[in-house]
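K.L.:
Fold the following and give me the result.
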Amino acid sequence: MALAHHRPYGIYRWLANLSRWLYQLGLGGLLGRRFLCLTHRGRKSGQIRRTVLEVISYDPRTHELRVASAWEGKTDWYRNIQVEPALHVQIGWAHYRPVQEFLSAGETARLILMLATQHPREVRFVGRLLGIDPDAPPAVIQARLEKFFRGVRFVQ
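P.N.:
Purely as a prediction, here's the structure:
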């Protein structure tokens, strides 16, 4: 089965934007530690951009967190931080200027699989939307995850 290469649309796009609106209203802390707001600079426009991302893992003691870009890293936020490091992170009510590190494909896939064990129903649903068969053999799933996702670690 081929991976889907389309971005969210319709109700999915609206839901994806809901968390961004909460951050813009100063209510991002209501989202807890499941989402973060990443501030970055557009690689072409130079304009400040804000993107809300789902957090794969978070350590509240160190504020270290990990996120992933789908679509083989071809998302705007990921390409932007490849050119200029992220400017700011907000998770819950905490804010900081992050130091970023790009993760290997293997480490990113392991993080996604860890998330799948913590939230199996959500991951099955999203996996199907992304064209990843949750019933495929583990080696096939691992290979697809390594190809499809790019991970980043942010630390304070």
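
K.L.:
Is residue 84 in contact with residue 39, as I believe?
P.N.:
No - in this structure residue 84 lies outside contact range of residue 39 using C-beta atoms under 8 Å: 11.3 Å. Where you see a C-beta, it was placed from the backbone N, CA and C, and this is true even at glycine.

K.L.:
who's more crowded, these two?
P.N.:
residue 39 (18 against 12; other C-beta atoms under 10 Å).

K.L.:
State the distance from residue 42 to residue 55.
P.N.:
Here residue 42 is placed at a distance of 23 Å from residue 55 (C-beta to C-beta, to the nearest Å).

K.L.:
One more: residue 143?
P.N.:
Residue 143 sits at a distance of 24 Å from residue 55 (criterion: C-beta to C-beta).

K.L.:
next one: residue 65
P.N.:
Going from residue 65 to residue 55 by C-beta to C-beta gives 5 Å.

K.L.:
Which of residue 143 and residue 55 has more residues huddled nearby?
P.N.:
Taking other C-beta under 10 Å, residue 143 and residue 55 do not tie; residue 55 has more neighbours (19 against 14).

K.L.:
Now do the same for the more buried one: its pLDDT.
P.N.:
pLDDT recorded at residue 55 is 92.

K.L.:
Also residue 20?
P.N.:
Per-residue confidence (pLDDT) for residue 20: 78.

K.L.:
quick check, it in a helix?
P.N.:
Yes - counting by DSSP: H, G, I helix; E, B strand; the rest coil, residue 20 is found in a helix.

K.L.:
From residue 102, how far out is it?
P.N.:
Using C-beta to C-beta, residue 20 is found at 23 Å from residue 102.

K.L.:
before we move on, what about residue 38?
P.N.:
Counting by C-beta to C-beta, the gap from residue 38 to residue 102 is 14 Å.
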